[in-house]
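In: Pasting a predicted model and its sequence here:
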Amino acid sequence: MDTHKEYFTHAYRTGTDDWTHLPWKRAEGLLLEKLPDKAMILDIGTGRGLFAFHLAKSGFRTIGIDYVKEIIDKNNQEVQNRGMQKELRFMEGDALDIPFTDEGFDAVTDIGLLQHLPEGDFAEYINEVARVLKPKGYFLNIALSKDTVSFWSWFPRKAAESTFEKQGLKHHFFTKEKITELFNKKFEIVEQFTERFDPQASLPSPELGNVVYVVTLMQKK
Ligand SMILES: C[S@@+](CC[C@H](N)C(=O)[O-])C[C@H]1O[C@@H](n2cnc3c(N)ncnc32)[C@H](O)[C@@H]1O
């Protein structure tokens, strides 16, 4: 198993996945107002699926994929417990080889996956996202921002580099320009801004209150 997959598997098993929360009201609102009723949404790197559950509750047909099988099984059990089988399901799958045919989704969401991919895989990932989206489909990406002043023992804003490794897991910190440059070939930027967690939100780690994210809503060209 690769070290990143091991890291995520261990975090979900031990409950140390301190990234799992739902503070994305503004981003979510921007995306959802663009979508038709009953739109099909794919949440990639869904983790515990908080966003996917939320989208399904908001009336969208939603599928969440993640390469950690244990968390997928757990989420599907929860789908059954809540009787949400019609509108929501989870599947094991790799973001670099998305297990769906072309042009099936109205929207794809990625909250915190791109920021951990090996840089050499960015282009393949972007091709995969574009492939499974319908023409003019939307992609919402939320990723760590280079405007973050401090992140654990590191200072992204001041640093010359953009990548920090914590316990074997790579964290890439992006500028808005870098996200735009990466996606430019296949996507048009619709909205882009930086955001922090709501200061009122109760976060599992106070450290997270310092983190800035780049939020980008884009549309397939
Ligand atoms: C920082 S977590 C974010 C989880 C969730 N989106 C959230 O906001 O709580 C990143 C997730 O991406 C998943 N992931 C990372 N690389 C992946 C890949 N190549 N294919 C599928 N999932 C991947 C991890 O297992 C993890 O659940």
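Out: Alright, I've got the coordinates. Residues are numbered from 1 along each chain as shown.
In: Residues in contact with the lengthiest helix in the chain: which ones?
Out: Across the chain, the longest stretch assigned as helix under DSSP state H is helix 69-82. The contact list for helix 69-82 (C-beta atoms under 8 Å, 6 or more residues apart in numbering) reads 8-9, 12-13, 46-49, 52-53, 64-66, 85, 88-92. From N, CA and C alone the C-beta is placed, and that goes for glycine too.
In: Show me what counts as buried in the next helix-or-strand element following it.
Out: Using DSSP states H and E, the helix or strand that follows helix 69-82 towards the C-terminus is strand 88-92. Under the neighbour-count criterion of 16 or more other C-beta atoms under 10 Å, strand 88-92 has Leu88, Arg89, Phe90, Met91 buried.
In: Make a markdown table out of these and add distance to Gly59 and pLDDT.
Out: Shown next, in a markdown table, are these (distance: C-beta to C-beta, whole Å; pLDDT from 0 to 100):
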| residue | distance to Gly59 | pLDDT |
| --- | --- | --- |
| Leu88 | 11 | 98 |
| Arg89 | 16 | 98 |
| Phe90 | 18 | 98 |
| Met91 | 21 | 98 |
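In: CSV for those, including distance to Gly209?
Out: Formatted as CSV, those follow (distance: C-beta to C-beta, whole Å):
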residue, distance to Gly209
Leu88, 30
Arg89, 33
Phe90, 29
Met91, 33
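In: The ligand: which of those is nearest?
Out: Nearest to the ligand out of those is Met91 (C-beta to the nearest ligand atom; 10.4 Å).
In: wait, isn't the closest one in contact with Thr62?
Out: No - with contact defined as C-beta atoms under 8 Å, Met91 does not reach Thr62; the gap is 11.4 Å.
In: and the gap between Thr20 and the ligand?
Out: Applying C-beta to the nearest ligand atom, to the nearest Å, the value for Thr20 to the ligand is 4 Å.
In: which non-adjacent residue is nearest that residue?
Out: Spatial nearest neighbour of Thr20, chain neighbours left out: Arg48 (5.0 Å); criterion: C-beta to C-beta, 6 or more residues apart in numbering.
In: Stretch 67-83 near the ligand anywhere?
Out: Yes - Stretch 67-83 is in contact with the ligand by C-beta under 6 Å from any ligand atom, via Tyr67, Val68.
In: in that stretch, what's buried?
Out: By neighbour count on 16+ other C-beta under 10 Å, the buried set for stretch 67-83 is Tyr67, Val68, Ile71, Ile72, Asn75, Asn76, Val79.
In: can you give me how far the strand of greatest length in the chain is from the chain middle?
Out: Secondary structure of the chain read by DSSP state E shows that its longest strand is strand 133-144. On the basis of C-alpha atoms, centre = their mean, to the nearest Å, strand 133-144 sits 10 Å off its chain's mean C-alpha point.
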